[in-house]
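>>> I'd like to go over a predicted model; first the sequence, then the structure.
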Amino acid sequence: ARCLGPANLGLSGLVQATAQQASLAFNGGFDTVAVRRIAAERARARQITGIVVWFRGAGFLAVASLWVIATLLFAPERQRGPWLLGLPLLAGSAFTMLYAYQALERLPLQNAIVAALTVAAAAAYLLFFRPGMPAGADLVVLGSVAVVGLLASWAFARPLLRGLPTRPSGAEVRSLLREAWPYWVLAAAVWLYASVQLPVVALRVGRHDAGLYRAALSLSGVLELLFTSINSLLLPRFVEWHRDGLAVLWRRQRRLLALYAVLGLGALGVAVALMPHVLPRLLGPAFAGAVPLFTILAAARVVVFCGQIYSNGLAATGHDGRFLAASLAGVVVGLPGALLLTGPFGARGAAYAALAAEIVVVSMCYLFMRQVVSRAAT
């Protein structure tokens with residue numbers, strides 16, 4: 001951030017957000033369904049993984065071709081390089097094997113790969129970055145990490161799956177799609193309420209403010225990484241607890257909520273207290289405006305952390321439609337909120353819209369889960 005400055009950091013953030021949006025075209029909604037199926041039928045992990053890989057691979061080739069054409073036709077000449085560097089990010093979304101590690105409860109191995117690559121990326125920034133770096137320099141590092149991460153992930157997944165993913169039949173693809181399509185819509189909905197803010201800020205306020213927003217979002221991502229490493233364990237465990245009955249699952253969820261609230265609020269309090277002193281020194285005075293944005297976005301991360309107890313509960317019990325309904329409610333709040341609030345409040349308005357959307361989604365997931373348990377009890 002110090003070497004790129006807010007404007008170039010904002011451009012890179014826009015490329016990342018657009019790559020995330022474009023990857024929705026081949027998402028398929030498979031992640032949750034694949035975790036659920038592999039956790040229940042571990043002997044078929046290789047076949048289920050093959051369905052996801054082949055479908056997303058074909059979609060990636062189509063989207064990557066359109067990405068290159070659109071970049072050459074519409075991007076300003078000086079920005080074509082950064083936009084083309086979004087291709088490795090698309091590949092990372094297409095060929096990730098995270099769902100297989102999660103379903104097989106081998107996340108420590110996946111996390112070790114991610115940790116090693118994170119250290120490598122940090123070393124690259126420290127060794128090669130200097131003030132005045134060109135736009136897209138950070139995308140070179142991120143793209144390299146994405147490619148190396150995919151190769152390592154696939155190499156370690158091969159013995160877990162007892163071979164490479166197999167090529168599926170059309171019937172197998174259609175079968176998984178019938179179960180997964182609500183999560184495909186869900187992925188689009190989540191992007192529209194949780195990730196659309198940065199492009200809105202870039203287009204409505206400018207690349208400079210988008211850089212501030214991205215800096216705050218990246219730093220709040222420190223909390224998200226901590227929380228995600230915990231929440232990734234939920235779905236397979238919830239599937240097992242559901243077999244013992246909804247009452248057992250609900251009781252364990254309530255216990256988890258109390259623990260999560262203590263962990264989340266404690267981490268948030270420490271982060272908010274430290275950030276006004278750390279952020280300007282870490283990123284430079286040009287990024288001082290990111291401090292209030294961080295406070296809002298970090299609070300949103302805590303809301304998501306606690307809320308995944310109930311969103312994963314809906315997934316584990318097969319109530320995909322209710323999870324989707326909660327996410328669509330978030331879109332109704334998050335997208336219009338970002339568009340309306342960036343006018344009077346700038347980037348801070350987009351952050352408030354993100355927080356409000358997360359609160360709505362989490363509240364509805366809790367109410368839906370309680371309704372499911374109550375009906376089962378009667």
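Looks like it arrived, so ask away.
>>> state the helix or strand in which the residue lying closest to residue 168 once chain neighbours are set aside lies.
In space, and not counting its chain neighbours, residue 168 is closest to residue 51: 4.4 Å by Cβ to Cβ, 6 or more residues apart in numbering. For the C-beta atoms, the positions are set from N, CA and C on the backbone; glycine is no exception. Here residue 51 sits within helix 45-74, counting by DSSP states H and E.
>>> state the next helix or strand along the chain beyond that helix.
Following helix 45-74 in sequence, per DSSP H and E, is helix 80-84.
>>> send the alpha carbons of that next one over as PDB?
Provided in PDB are the C-alpha atoms of helix 80-84 (Å, rounded to 0.1, in the frame of the first residue of the first chain):
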ATOM      1  CA  ARG A  80      -4.500  -3.200 -19.700                       C
ATOM      2  CA  GLY A  81      -1.600  -4.900 -17.900                       C
ATOM      3  CA  PRO A  82      -3.300  -4.800 -14.500                       C
ATOM      4  CA  TRP A  83      -6.500  -6.100 -15.900                       C
ATOM      5  CA  LEU A  84      -4.800  -9.000 -17.700                       C
END
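>>> and that helix, average pLDDT?
In this model, helix 80-84 has an average pLDDT of 96.
>>> in it, what's buried?
Within helix 80-84, the residues that count as buried by 16 or more other Cβ atoms under 10 Å are 81-84.
>>> nearest to residue 214, of those?
Checking these against residue 214 by Cβ to Cβ gives residue 82 as the nearest, at 13.5 Å.
>>> could I get the contacting residues of the closest one?
Residue 82 is in contact with 11-12, 15, 135-136, 139, counting by Cβ atoms under 8 Å, 6 or more residues apart in numbering.
>>> try it again with 10 Å
8, 11-12, 14-15, 71, 75, 134-140 (Cβ atoms under 10 Å, 6 or more residues apart in numbering).
>>> buried members of those into ChimeraX, please.
To isolate the buried ones among the contacts of residue 82 in ChimeraX, judged by 16+ other Cβ under 10 Å, type:
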select :8,11,12,14,15,71,135,136,137,138,139,140
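>>> got a list of contacts for the helix or strand bottoming out on mean pLDDT in the chain?
Using mean pLDDT, DSSP states H and E, helix 234-243 stands out as the lowest-scoring helix or strand of the chain, at a mean of 84. Contacts of helix 234-243 with the rest of the structure, by Cβ under 10 Å, 6+ apart, involve 31-32, 35-36, 38-40, 99, 102-105, 107, 248-253, 256, 308-309, 311-318.
>>> which of these fall in strands?
Judged by DSSP state E, the contacts of helix 234-243 include no members of strands.
>>> of the residues you listed, which count as buried by neighbour count?
31-32, 35-36, 38-39, 99, 102-104, 107, 249-250, 252-253, 256, 308-309, 311-317.
>>> how many neighbours does the residue nearest to residue 168 have?
Residues lying near residue 51 (other Cβ atoms under 10 Å) number 26.
>>> from residue 337, how far out is it?
Residue 51 sits 37 Å away from residue 337, going by Cβ to Cβ, to the nearest Å.
>>> ditto for residue 23
24 Å.
>>> OK, contacts around residue 322?
The neighbours of residue 322, taking Cβ under 10 Å, 6+ apart as the test, are 182, 311, 314-315, 364-365, 367-369, 371-372.
>>> state the pLDDT value of it.
91.
>>> try residue 47
So residue 47 comes in at 93 (pLDDT).
>>> name the nearest residue to it, ignoring sequence neighbours.
residue 166 (5.5 Å).
>>> burial check on residue 364, number of neighbours?
Quick note: residue 364 (other Cβ under 10 Å) scores 22 neighbours.
>>> same check, this time on the one 5 residues further on
Here the neighbour count serves as a burial measure; for residue 369 (other Cβ under 10 Å) it reads 25.
>>> stretch 226-246: end-to-end distance?
End-to-end distance of stretch 226-246: 28 Å, with Cα to Cα, to the nearest Å as the criterion.
>>> next one: it to chain centre, how far?
18 Å (Cα atoms, centre = their mean, to the nearest Å).
>>> in it, which residues are buried?
So stretch 226-246, judged by 16+ other Cβ under 10 Å, has buried residues 227-228, 231-232, 234-239, 241, 246.
>>> next one: stretch 143-160
143-146, 148-150, 152-154, 156-157, 160.
>>> so which of those residues is the closest to residue 176?
Looking across these and measuring by Cβ to Cβ, the closest to residue 176 is residue 157, at 18.4 Å.
>>> I figured the closest one hits residue 97, correct?
Yes: the criterion here is Cβ atoms under 10 Å, and residue 157 meets it with residue 97 at 4.7 Å.
>>> which residues do those two both contact?
49, 110, 165.
>>> and the helix holding residue 51, what other elements does it pack with?
Judged by 3 or more Cβ pairs under 10 Å, 6 or more residues apart in numbering; DSSP states H and E, the packing partners of helix 45-74 are helix 5-23, helix 30-40, helix 80-84, helix 87-95, helix 98-103, helix 137-161, helix 170-194.
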